[in-house]
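1. What follows is a predicted structure for the sequence shown.
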Amino acid sequence: MTGVRRGSKEQLVEYFKKNLKKGYTTDSLKWALINQGYSRVIVEEALEIAQKEMAKEAPILKEKPRINYQVLDKDGKPVEFKNSFWKKILGFFKG
C-alpha cells in the first residue's frame, strides 16, 4: 500500500473529537482521513475511542425534560382552549 500516513492514534482521536464538536459528520471525517492515506482500521479505531471519550464527557440529565407548548393567534397572543375535545376524550375535562 503506497502513501499510507503514519500518525498516532491519539492524534486522530483528538482530530475526531475537535471536529465532531464543530458539527462535522463521522462519515465525512472518516473518509477525509482514509482518502489522505490513513489506514481504515486505525481511523475506525480512533473514531470509536473518540466517541467513547465524548460520551463520558456528555452531561447526564437528572430529570426528564419537560416540553411546554403554547398556541398563538395571528397577533402572537396565547390562545386558550376551553372544553377541549381532547380533554373530554382523555377524561381531563373539568366541567
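-> Okay, I see it.
2. what's the distance between the closest residue in space to Leu47 that isn't next to it in sequence and Pro59?
-> Closest residue in space to Leu47, ignoring its immediate chain neighbours: Phe16 at 5.4 Å, by C-beta to C-beta, 6 or more residues apart in numbering. The C-beta positions use only the backbone N, C-alpha and C, and glycine is treated the same way. Note on Phe16: its distance to Pro59, by C-beta to C-beta, to the nearest Å, is 20 Å.
3. One more: Asn68?
-> Per C-beta to C-beta, Asn68 is found 21 Å from Pro59.
4. Buried residues in the longest helix seen in the chain, which are they?
-> For the chain, the helix reaching the highest residue count under DSSP state H is reported as helix 40-57. Within helix 40-57, the residues that count as buried by 16 or more other C-beta atoms under 10 Å are Ile42, Val43, Ala46, Leu47, Ile49, Ala50.
5. one step back: wait, isn't the residue nearest to Leu47 in contact with Ala46?
-> Yes. In this structure Phe16 lies within contact range of Ala46 using C-beta atoms under 8 Å: 6.0 Å.
6. before we move on, back to that, could you list the residues in contact with the longest helix of the chain?
-> Contacts of helix 40-57 from elsewhere in the structure, counted by C-beta atoms under 8 Å, 6 or more residues apart in numbering, are 9, 12-17, 20-21, 26, 29-30, 33-34.
7. Recalculate using a threshold of 6 Å.
-> Counting by C-beta atoms under 6 Å, 6 or more residues apart in numbering, helix 40-57 makes contact with Lys9, Leu12, Val13, Phe16, Lys17, Lys30, Leu33, Ile34, all of which sit outside it.
8. before we move on, what about stretch 15-24?
-> For stretch 15-24, contacts defined as C-beta under 6 Å, 6+ apart pick out Leu29, Leu47, Ala50, Met54.
9. Would you reformat these as CSV and include pLDDT?
-> Converted to CSV, the contacts of stretch 15-24 look like this (pLDDT from 0 to 100):
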residue, pLDDT
Leu29, 96
Leu47, 96
Ala50, 95
Met54, 92
